[in-house]
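**Student:** Dropping a prediction and its sequence here:
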Amino acid sequence: MGHVEVDALTYVLPDGRLLLNEVSFRVGQGVKAALVGPNGAGKTTLMRLIAGDLRPSGGRVAGSGGLGVMRQFVGVAGRRETVRELLLSVAPERVRAATAELARAERALRASDEEPAQLAYAQAITDYADAGGYDLEVTWSVCTTSALGVAFEEVAGRQVNTLSGGEQKKLVLEALLRGPDEVLLLDEPDNYLDVPAKEWLEERLRATAKTVVLVSHDRRLLAEAADRIVTVESRGVWVHGGGFASYAQARRERGERLHERRRRWDEEHTRLRRLLDDLRRRATGNDAVASAYRAAQTRLNRFEEAGPPESAPKEQNIRMRLKGGRTGKRSVICASLELTGLTKPFDTEIWYGERIAILGPNGSGKSHFLRLLAESEPGATSSVRHTGTVSLGSRVVPGHFVQTHARPDLAGRAPADIVMTEHALGLNDAMAALARYELAPAGRQSFETLSGGQQARLQILLLELSGATLLLLDEPTDNLDLASAQALQDGLASFSGTVLTVTHDRWFAADFDRYLIFDADGGVHESADLEEGRGRPRP
């Protein structure tokens with residue numbers, strides 16, 4: 001049995017800003033609850049408070065059943081970590097403590113073979129077994145076999161940085177889902193997973209009896225796996241007891257109710273103030289009215305002390321004005337193109353105005369293909385090793401959205417300065433453009449201090465301002481919150497140009513005209529069927 005209860009939780013940021021104010025909710029046994037909300041609203045902070053990584057300014061967190069945590073970035077940043085150490089990092093605390101004690105006893109035994117050291121080592125082995133360490137190693141072997149195709153003993157000492165991001169995520173997910181902890185906190189578990197791995201995750205989440213709290217921006221994952229939606233916004237939370245399918249409608253109805261309650265409160269407040277003003281004028285020199293005036297004043301004071309009802313949260317208003325422009329009929333022509341070591345030779349033509357989603361497993365060459373197209377302007381030298389030919393049509397201007405947000409050209413620069421310098425805008429125009437993407441408050445922050453969602457929105461704004469007629473988008477929705485992802489879809493719908501996007505976002509991919517599928521064996525083919533791109537053969 002496992003549950004999580006958050007009671008009046010408050011958190012103040014180090015700079016003094018209030019991020020979460022008296023947040024309360026409960027996730028009961030076996031419930032799959034998803035935290036959603038705007039980028040920067042406090043979802044990851046709330047997860048860290050529940051995990052005990054941060055201390056709240058007020059309130060408390062309670063729970064039962066043991067807590068397993070997948071943080072937003074798995075592993076230890078900047079450290080050469082082995083597979084064993086990665087798995088140990090998500091093991092129960094008692095196993096981690098017993099492992100540390102066993103390592104100390106081993107070192108002491110190597111330093112001295114005296115009886116006390118031998119006895120301490122024997123006791124450490126017993127304690128490790130009692131903590132479940134050896135049982136967990138058996139589970140780890142099942143996990144590595146499932147995620148990596150090899151037994152734990154063969155891969156325990158392998159460096160984690162030799163695994164792909166998707167392999168790391170799936171390995172940790174296997175360990176947590178098969179482990180003893182009955183409550184799991186999963187912060188963006190689907191990032192870096194390809195479509196088959198996302199579908200595997202959905203199936204496992206539906207099947208597990210564990211209680212799960214997760215953060216995700218993948219709308220299909222939310223629809224398939226979550227039965228509670230916890231919205232983090234306006235320093236508080238709102239819990240929708242149904243799934244994602246009914247969430248949008250329930251959110252609209254809630255907003256309408258809150259607006260109506262506030263309207264009625266404002267009307268009553270105005271009526272009481274007018275009554276008080278009227279009685280004040282009439283009470284001058286009239287003792288009979290004076291008592292009514294005092295009673296009205298008391299009533300107004302109590303009304304104002306109780307305060308207004310909860311206000312409806314401010315809706316995000318992100319307006320992406322992707323314009324593009326007319327180009328030649330053919331935007332991209334590839335002939336016998338082979339990405340060295342990644343694909344077999346293939347031919348393709350992409351026509352003006354088409355929306356092409358590029359699908360396939362991780363490591364199949366999709367991002368390399370986009371980078372090759374981005375570097376295919378006349379006179380440019382490509383960093384992508386290839387044979388065959390690739391060319392862009394007349395008046396085609398590529399604009400590249402980089403998946404990892406690795407933009408050394410933007411490092412150390414503030415969004416306002418970037419927009420003014422790169423696109424010759426004055427300060428007022430630059431801030432107006434940033435405001436359309438809800439980036440104005442972060443206009444003076446350096447690029448690397450922006451959240452992943454803010455960096456993504458800034459990249460899209462720069463594409464808008466660049467005049468690109470061919471958008472090359474590499475996983476653009478990975479870090480976008482729900483409203484931002486929808487704003488991007490709306491912006492692409494009105495874009496006059498050609499769009500190629502690498503994506504594992506099935507909700508996003510469903511809007512596209514056709515699919516260029518990179519297979520695991522190096523083959524590349526086209527399809528009009530999204531199901532085929534998801535790794536499912538057509539009937």
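**Tutor:** Structure received. Residues are numbered from 1 along each chain as shown.

**Student:** Now do the SS call for the residue lying farthest from the centre of the chain.
**Tutor:** Note on the chain: the largest C-alpha distance from the chain mean falls to Gly285, namely 66.8 Å (CA atoms, centre = their mean). Using DSSP: H, G, I helix; E, B strand; the rest coil as the criterion, the local structure at Gly285 reads coil.

**Student:** For it, give me phi and psi.
**Tutor:** Per-residue torsions, Gly285: phi 70, psi 10 (degrees, to the nearest 10).

**Student:** lowest-pLDDT helix or strand in this protein?
**Tutor:** helix 530-533 (a mean of 65; mean pLDDT, DSSP states H and E).

**Student:** is it true that Val195 touches Leu359?
**Tutor:** Yes: using CB atoms under 8 Å, Val195 is in contact with Leu359, at 6.9 Å. (C-beta placed from N, C-alpha, C; glycine too.)

**Student:** hey, C-alpha coordinates of stretch 8-17 in CSV?
**Tutor:** These are the backbone C-alpha positions of stretch 8-17, laid out as CSV (Å, rounded to 0.1, in the frame of the first residue of the first chain):
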residue,chain,number,x,y,z
ALA,A,8,-0.6,23.2,3.0
LEU,A,9,2.8,23.0,1.4
THR,A,10,4.5,26.4,0.9
TYR,A,11,7.8,27.1,-0.8
VAL,A,12,9.6,30.4,-1.1
LEU,A,13,12.4,30.7,-3.7
PRO,A,14,15.9,31.8,-2.5
ASP,A,15,15.3,35.2,-4.1
GLY,A,16,12.2,35.7,-1.8
ARG,A,17,9.5,35.0,-4.5
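
**Student:** In it, which residues are buried?
**Tutor:** Neighbour-count burial for stretch 8-17, counted by 16 or more other CB atoms under 10 Å, picks out 9-11.

**Student:** partners of Val499 in the sheet?
**Tutor:** Taking DSSP bridges as the rule, Val499 bridges to Arg355, Leu471.

**Student:** since we're on it, how many residues are nearby?
**Tutor:** By other CB atoms under 10 Å, the residues close to Val499 number 23.

**Student:** quick one: Arg355 and Leu492 touch, right?
**Tutor:** Yes: taking contacts as CB under 8 Å, Arg355 lies within contact range of Leu492: 7.0 Å.

**Student:** so which strand or helix has Ile517?
**Tutor:** strand 514-518 (DSSP states H and E).

**Student:** Tell me which residues of whatever helix or strand comes next after that strand come out buried.
**Tutor:** Scanning forward in sequence from strand 514-518 by DSSP H and E, the next helix or strand is strand 524-527. Neighbour-count burial for strand 524-527, counted by 16+ other CB under 10 Å, picks out 524, 526.

**Student:** ok, back up a step: now go through the buried residues of stretch 8-17 and say which are in strands.
**Tutor:** Using DSSP state E, 9-11 are the members of the buried residues of stretch 8-17 that sit in strands.

**Student:** Export those as a markdown table, with columns for pLDDT and distance to Gly149.
**Tutor:** As requested, these are arranged in a markdown table below (pLDDT from 0 to 100; distance: CB to CB, whole Å):
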| residue | pLDDT | distance to Gly149 |
| --- | --- | --- |
| Leu9 | 95 | 42 |
| Thr10 | 96 | 47 |
| Tyr11 | 96 | 42 |
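
**Student:** Show me which of Arg355 and Leu492 is the more surrounded one.
**Tutor:** Shown here are Arg355 and Leu492; by other CB under 10 Å, Leu492 has more neighbours (22 against 19).

**Student:** Go ahead and confirm that one touches Asp513.
**Tutor:** No: judged on CB under 8 Å, Leu492 makes no contact with Asp513 at a distance of 11.5 Å.

**Student:** Tally up the residues packed near Arg206, please.
**Tutor:** Arg206: 12 neighbours (other CB under 10 Å).

**Student:** check contacts around it.
**Tutor:** The contact partners of Arg206, taken as CB atoms under 8 Å, 6 or more residues apart in numbering, are 32, 224-225.

**Student:** Next: Tyr437.
**Tutor:** Tyr437 sits in contact with 318-320, 457-458, 460-461, where contact means CB under 8 Å, 6+ apart.

**Student:** next one: Asp429
**Tutor:** By CB under 8 Å, 6+ apart, Asp429 has no neighbours at all.

**Student:** Distance-wise, check it relative to Ala435.
**Tutor:** 11 Å (CB to CB, to the nearest Å).

**Student:** Repeat that for Val499.
**Tutor:** 25 Å.

**Student:** same question, Ile125
**Tutor:** Relative to Ala435, and taking CB to CB, Ile125 is found at 63 Å.

**Student:** doesn't Gln297 make contact with Leu276?
**Tutor:** Yes: with contact defined as CB under 8 Å, Leu276 counts as touching Gln297 (5.9 Å).

**Student:** got any ranges where the chain has weak pLDDT?
**Tutor:** 75-79, 378-380, 404-406, 532-539 (pLDDT under 70).

**Student:** Swap in 80 and give it another go.
**Tutor:** By pLDDT under 80, the weakly predicted segments of the chain are 1, 72-80, 113, 284-285, 287-288, 315-316, 377-382, 403-406, 451-452, 529-539.

**Student:** Any chance of TSV for the contacts of Tyr437, columns distance to Arg263, secondary structure and neighbour count?
**Tutor:** Below are the contacts of Tyr437 laid out as TSV (distance: CB to CB, whole Å; DSSP: H, G, I helix; E, B strand; the rest coil; neighbours: other CB atoms under 10 Å):
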residue	distance to Arg263	secondary structure	neighbour count
Ile318	26	coil	22
Arg319	27	coil	12
Met320	32	coil	20
Arg457	33	helix	29
Leu458	37	helix	22
Ile460	36	helix	25
Leu461	35	helix	22
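
**Student:** coming back round to it: list residues touching both of Arg355 and Leu492?
**Tutor:** 499, 511.

**Student:** all helices of the stretch 301-450 of the chain, in order?
**Tutor:** 366-374, 415-423, 427-436 (DSSP state H, counting those that start in this stretch).

**Student:** what helices or strands is the first one leaning on?
**Tutor:** Contact here means 3 or more CB pairs under 8 Å, 6 or more residues apart in numbering; DSSP states H and E; on that basis helix 366-374 packs against strand 330-339, strand 355-359, strand 386-392, strand 398-401, strand 470-474, strand 498-502.

**Student:** again, only using 10 Å
**Tutor:** Under the contact definition 3 or more CB pairs under 10 Å, 6 or more residues apart in numbering; DSSP states H and E, helix 366-374 sits against strand 330-339, strand 346-351, strand 355-359, strand 386-392, strand 398-401, strand 470-474, strand 498-502, strand 514-518.

**Student:** Next: the second one.
**Tutor:** Based on contacts counted as 3+ CB pairs under 10 Å, 6+ apart, the elements that helix 415-423 packs against are helix 427-436, helix 452-466.

**Student:** Show me what counts as buried in the shortest one.
**Tutor:** When you say that, I think you mean helix 427-436. Neighbour-count burial for helix 427-436 [16+ other CB under 10 Å]: 430-431, 433-434, 436.

**Student:** Now flag whichever of these is closest to Glu101.
**Tutor:** Proximity of the buried residues of helix 427-436 to Glu101 (CB to CB) peaks at Leu434, which lies at 53.2 Å.
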